[in-house]
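**Student:** what would the 3D arrangement of this be:
(2 chains)
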Amino acid sequence: MRPSPSAHLDVATPERVSLSLPVAGLGYRCLAYLVDLLLLFFFWVVAYFLFTLLVSDVLGFFQGLSGLARTLLVVGVFATQWVYWTACEVLMDGQTPGKRLVGIRVVRADGAPVGVLECAVRNLVRLVDALPFFYAVGCLSVLFTRRHQRLGDLLAGTLLVREERIDLGKYAPASAPAPSSAPRPATPRRLTSGDTELILSFLARAPWLEPQARARLGARLVERYGGLGDAERAALLASPGDAEAFLRTCAQAER
Amino acid sequence: MTSSLPAFVGRRRPDWDALGALLARQRAGTLRLEDLRSLDVLYRRAAADLAHAQTFHAGTDVHRFLNQLCAQAYAVIYQPPRERWAALGAFFRHELPRTLRAHGAYVATSAGLFLLGILLGAGVVLLEPRGAELLVPENLRDSIARGEMWTDGILSVAPPNAVASAIATNNLTVTIVTFASGLLLGLGTVFVLVNNGVHLGSVAALCAREGLGPKLLDFIAAHGPVELSIIVIAGGAGLRVGQSLVDPGELPRSQALVLRGREAVKLVLGCAPFLALIALVEGFVSPGDLFSTPLKALLGLALGALFWGYLLRAGRA
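**Tutor:** Okay, the predicted model is just below:
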C-alpha cells in the first residue's frame, strides 16, 4: 500500500486480509461534539421552561410535584454530563447523534464494536479531559497521540474511525453509448489501476468543472493515455464530448 | 490475471450491494436466520475482493470502499459477547471483591494519603489557629464562628429527595475525579486525596475548637464511614492507573493502561451503587434531629462494617 498521510487503524481479520480504517482527528471530533452540545442545549432550554412552569405553578397543579422536579433537575445535570454519551454510544453502535451526523464511530482498538464497559469508561474520563477548560487536556492528547485518542479513549482502549461515503457509480459504464464518430483507441496502452482511477475521477467530476478547465484537463488526459497520432488527436479534441467518450472507452476497455 | 478496474467493479458489485443491504438490515434488527448464511458467504467474498484490491488497485476508491464494507461486516460478525444480567450478578458476588483484594496495596496507599491530608489539616488548625483562615472556606468559617452548623440549612432549603440526589451526583463527581485524575501520572489522584483530606481535617479541627465537634460527628456519623471508604477505593484505582503509566513493565504504555486500567475501572463502577445508597442515608438520615446521634453512629458503623465485610470476604474460594 501507498504510505498514507493520515492515521489509520490496521486490523488483521481471521480471513487473513488486513483492514485499514481512517482514524478521525481533532476536527471531526470537535464538529461532532458541537452538534451534540447543540442538542443538549435545546434539551436544557425545553427543560428550563418546563421547570419554571412547575415552580411558578401557573396552573396550581404541580405543587406536590416540585420536590420531584428538583430531584429530576439534579439528576438531569448529571445525565447530560455522562448518561447521554454512554447510553447513545451503547445503543447506537458507538455513535452519538453528533457522531452519526459527522460520520465517525467509536470502535475498540481491535476494530470490534464497543461494549458497555468501554463506553462507560471513556465517558467517565470526560471529566479529566475537560480540564482545565475547553477540553484542553483532551485536545492535547488527541493532537499528540498516534491514533488521535483522548485520555478516556486511551484508558478504555477505544478510538474513533471515519466512515466515508464512497460512490461506486463512476465505475459503471456510461448509460448512453459512445458516439460512433469517436475513434476507437487503436493500440490501447496498458493502463494501471491508478491511471484508470485518474481518468474515471475526471469523468465523474467533469460535469461540474468550468468549461475551459474541463476541455484542458480532457485534452491532457487524451495526450497522456490516448496513444494517437497528431491528426487523430486534433480531430478528437475538436469536441470535448468526443474526447470524454474516448477516455471512457480507454478506461473501460477489457484487457 | 488482473482485470481492469471497471470490469472488476462491474463483475463484483452485485455481491457488495447485497452485503451492504444485509448490513443495513442487521442494523435495523430485521435480519432473519437464513440471511446469516448468505451474510457469511458474502463477507468472505468481499474479504477476498479486498485482498485483490489491496494488491492490484491499492489507493483507489474501490479499495477504500471495500475496506469500509469489510470493516462493517467484520464488526457485525465478530461481536463481543453481550453483557448479561448473570454477568452483573457474578460481578458483584465475586469479581468486585476479588479485584479489590488484588489491589489492596493501592487502596491502602490511598487511605494513607487521605489520612496524611486529614492529619496535616487538623494539625495546622489545632497548632496555629490562624491556619484556619488559609484552609477553611470563608462561608464555612462564618457559620462556625456563629456557632451553627452549615449542614443545618440543608433541609430548610430543599426536600430530602432533592438533597439526596444532589449529594449523590456530587459524590459521584468527586469519586470520578479522584479516580480519573490518576491518568495524570497518578499525581492528580495524590493531589485530590491529600487535598480532600486537608479540607476534611481542617474543618473537623475548627469545629472541635469552636465546640461544634459533637454536631459535626452527629452529621457525618451515619454516612461518613462508607462514603470516605469509597473515595479511598477510587483513589486506590486512580493510583493503579497512574502506576501503570509510570511503570508499564514489559508492555507499551498504552496497552498497560488499557489492561490494568480496566481492572481499576471495575472498582470505581462497582462502587457506584453503594455511592447511591449512601447518598440516600446522607440526604434522609444525616441532617436534622429525626435520629439521635448514637443511632446515627450505630448505623454508620454497621454500614461500614457490612461494606468492608462484603469487600474482604465475598467471593473467597
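**Student:** so A:Val161, which state does it fall into?
**Tutor:** Taken by DSSP: H, G, I helix; E, B strand; the rest coil, the conformation at A:Val161 corresponds to strand.
**Student:** thought it was touching A:Gly103?
**Tutor:** No: with the criterion set as C-beta atoms under 8 Å, A:Val161 and A:Gly103 do not qualify as a contacting pair; they are 9.8 Å apart. Using the backbone N, CA and C atoms, a C-beta is placed for each residue, glycine as well.
**Student:** could you pull out the helices in the stretch 1-150 of chain B for me?
**Tutor:** Shown for the stretch 1-150 of chain B, the helices assigned by DSSP state H, counting those that start in this stretch span residues B:5-28, B:33-56, B:61-77, B:85-90, B:96-102, B:104-127, B:131-135, B:138-145.
**Student:** hang on, the earlier thing: ok, A:Val161 and A:Gly103, which is more surrounded?
**Tutor:** A:Val161 (24 against 16; other C-beta atoms under 10 Å in any protein chain shown).
**Student:** contact partners for that one?
**Tutor:** Listed by C-beta atoms under 8 Å, 6 or more residues apart in numbering or on different chains, the contact partners of A:Val161 are A:Leu9, A:Leu21, A:Pro22, A:Val23, A:Ala24, A:Ile104, A:Arg105, A:Val107, B:Ala71.
**Student:** repeat that with 10 Å
**Tutor:** A:Val161 sits next to A:7-9, A:11, A:19, A:21-24, A:28, A:94, A:103-107, A:111, A:147, B:68, B:71 when contact means C-beta atoms under 10 Å, 6 or more residues apart in numbering or on different chains.
**Student:** and it, what's its pLDDT?
**Tutor:** pLDDT for A:Val161: 91.
**Student:** just to revisit the earlier point, what is in contact with A:Val161 and A:Gly103 at once?
**Tutor:** With C-beta under 10 Å, 6+ apart, A:Val161 and A:Gly103 have common neighbours A:Ala24, A:Tyr28.
**Student:** how many neighbouring residues does residue 90 have?
**Tutor:** Looking at chain A here, since you left the chain open. Other residues near A:Val90 come to 18 when the count uses other C-beta under 10 Å.
**Student:** chain B, not that one
**Tutor:** Neighbour tally, B:Ala90, other C-beta under 10 Å: 13.
**Student:** I'd say it and B:Gly315 touch.
**Tutor:** Yes: the pair formed by B:Ala90 and B:Gly315 meets the contact definition of C-beta atoms under 10 Å, at 9.2 Å.
**Student:** need the residues touching each of the two.
**Tutor:** Counting by C-beta under 10 Å, 6+ apart, the shared contacts of B:Ala90 and B:Gly315 are B:Leu96.
**Student:** for the stretch 151-255 of chain A, what spans make up the helices?
**Tutor:** Assigned by DSSP H, counting those that start in this stretch, the helices in the stretch 151-255 of chain A fall at A:151-156, A:193-205, A:211-225, A:230-237, A:240-252.
**Student:** where in the stretch 51-200 of chain A is pLDDT low?
**Tutor:** Counting by pLDDT under 70, the stretch 51-200 of chain A contains low-confidence residues at A:54-79, A:173-190.
**Student:** let me know how buried B:Leu216 is, in neighbour terms.
**Tutor:** As a measure of burial, B:Leu216 has 19 neighbours, counting by other C-beta under 10 Å.
**Student:** pretty sure it contacts B:Cys207?
**Tutor:** Yes: when contacts are counted by C-beta under 10 Å, B:Leu216 is listed as touching B:Cys207 (4.4 Å).
**Student:** residues touching A:Val106, list them.
**Tutor:** For A:Val106, the contact set (C-beta under 10 Å, 6+ apart) comprises A:24, A:85, A:89, A:92-96, A:99, A:113-114, A:118-119, A:122-123, A:153, A:156, A:158-161.
**Student:** can you select the buried ones from those residues in ChimeraX?
**Tutor:** Below is the selection syntax for ChimeraX that covers the buried ones among the contacts of A:Val106, with 16 or more other C-beta atoms under 10 Å in any protein chain shown defining burial:
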select /A:24,85,89,93,94,95,96,99,113,114,118,119,122,123,153,156,158,159,160,161
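**Student:** among the contacts of A:Val106, which ones are in strands?
**Tutor:** Among the contacts of A:Val106, the members found in strands (DSSP state E) are A:Thr158, A:Leu159, A:Leu160, A:Val161.
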